[in-house]
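1. give me a 3D structure for the following:
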Amino acid sequence: MGKSGEIISVNISLRKSGPKIPQAEAIAIANYGLEGDGHAGQHHRQVSLLAIESVEKMRKRGLEVSPGDFAENITTKGLELIRLPIGTILEIGQEVILEITQIGKVCHNKCAIFKQVGYCVMPEEGIFARVIRGGKIKKGDLIHVREKK
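-> Okay, the predicted model is just below:
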């Protein structure tokens, strides 16, 4: 099966900029994103993921940050997200399938975190995906990596 990790937090915000709020669960909608999230839509960056290990890097810089503070939809544990190539399939829980579409991003409007410490992990270590198959996702769900063929 390959590598696997776990969901630490599922985060949603109606607005596009700023932190997302952790939720008990969320509904992923095929070719759209997470129900009720401002970043959802019919484009290639429907869902964003960031590793808790990246959040920890910012904590070591003295920031009090938590999952969702980097506007990521899914906070993961145990996966080196930035090492997964575009096209990699992520199977989440029993139903949801994501396909990685982008690694990192250009941060045009420097976020509050960047303005505070002059650095942010999301542009370099965040990844983006589109929803291939929808369903329910929640904290504690396992993420299985299916290598690109």
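2. from here on, just use CA atoms for contacts and neighbour counts.
-> OK.
3. and Ile8, what does it touch?
-> With contact taken as C-alpha atoms under 8 Å, 6 or more residues apart in numbering, Ile8 is in contact with 52, 67, 74-77, 139-140.
4. mind redoing it with 7 Å?
-> By C-alpha atoms under 7 Å, 6 or more residues apart in numbering, the contact set of Ile8 is 75-77, 139-140.
5. with Val65 instead?
-> With C-alpha under 7 Å, 6+ apart, Val65 has these contacts: 55, 59.
6. ditto for the one 3 residues further on
-> Each residue near Gly68 by C-alpha under 7 Å, 6+ apart is listed here: 11, 19-22.
7. hmm, back to that, of the contacts of Ile8, just the buried ones, ChimeraX syntax please.
-> In ChimeraX, this line selects whichever of those come out buried by 16 or more other C-alpha atoms under 10 Å:
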select :75,76,77,139
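8. what would the contacts of Ile8 look like in JSON lines with distance to Lys3, secondary structure and pLDDT?
-> Listed next are the contacts of Ile8 as JSON lines, based on distance: C-alpha to C-alpha, whole Å; DSSP: H, G, I helix; E, B strand; the rest coil; pLDDT from 0 to 100:
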{"residue": "Thr75", "distance to Lys3": "16", "secondary structure": "strand", "pLDDT": "96"}
{"residue": "Thr76", "distance to Lys3": "13", "secondary structure": "strand", "pLDDT": "96"}
{"residue": "Lys77", "distance to Lys3": "12", "secondary structure": "strand", "pLDDT": "97"}
{"residue": "Lys139", "distance to Lys3": "18", "secondary structure": "coil", "pLDDT": "97"}
{"residue": "Gly140", "distance to Lys3": "16", "secondary structure": "coil", "pLDDT": "97"}
